[in-house]
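Enquirer: take this sequence and fold it.
(2 chains)
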Amino acid sequence: MHSNIIIIPMMVALLIPFYEAYRDDNVWQKLLAFSSIACKTALITLVASVLRDDWMIGVVGVLILSVGNAGLMLLAHIVKRVNEA
Amino acid sequence: MTENITSFVGYAFIALGIFLWFWGTSFLPRKRSLLFKLHTLSVSDILGSIAIIIGLLVKLPSEWPLLILAIFSLAIWNTILGYVLAYCSSAGVDHE
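Expert: Modelled structure (predicted):
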């Protein structure tokens, strides 16, 4: 019961960047929304794993936090180079 | 008695984190500059998430290695990502 009280508002907070990514056409605003989605999903994964006492899902959450952001950084540099060309 | 206090403190931190999430993300759909949104999102995603993780640490100390690693990963990688997004998006924009 307690985990639902925590995870449902987190899911609602996750919907806002989804709406922003769908609505805005500017590539940087979309990238910003996706970085927020990545962080929030990783946190939801981590909260779910701790409340279920299952470490494996927790490791996935931590991996998303570190590797996912690295991917977004590379994408930002590529978009910058494409804009300059 | 201490069980109730730690549970309350844990939930308080988690509630603070979720509040920061909503506060920071509420600026996203509005017509504001990218750097302003980046700032509020950084505050909400990094500080809010760290507050949530501290709440989990208080409630379930047995998983402390994983959660400490998540805090480091959040604090370092999200901050650097915010810097890279700000740098790349303002490339070619003259600030003088």
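
Enquirer: got a list of contacts for the lengthiest helix in chain B?
Expert: Looking across chain B with DSSP state H, the single longest helix is helix B:2-25. By C-beta atoms under 8 Å, 6 or more residues apart in numbering or on different chains, the list of residues contacting helix B:2-25 from outside reads A:6, A:9-10, A:13, A:16-17, A:36, A:40, B:40-45, B:47-56, B:58-59. (C-beta placed from N, C-alpha, C; glycine too.)

Enquirer: show the buried residues in these.
Expert: Neighbour counting with 16 or more other C-beta atoms under 10 Å in any protein chain shown marks A:6, A:9-10, A:13, A:16-17, A:36, A:40, B:40-42, B:44-45, B:47-56, B:58-59 as buried within those.

Enquirer: still on that earlier bit, give the rounded mean pLDDT of the longest helix of chain B.
Expert: Taken as a whole, helix B:2-25 has a mean pLDDT of 88.

Enquirer: touching chain A at all, the helix or strand just after it?
Expert: Following helix B:2-25 in sequence order, the next helix or strand is helix B:34-42 (DSSP states H and E). Yes. Residues of helix B:34-42 contacting chain A under C-beta under 8 Å from any C-beta of the partner chain: B:Leu34, B:Lys37, B:Leu38, B:Leu41.

Enquirer: wait, isn't the last one in contact with A:Leu32?
Expert: Right, the one you point to is B:Leu41. Yes. Between B:Leu41 and A:Leu32 there is a contact under C-beta atoms under 8 Å: 6.5 Å.
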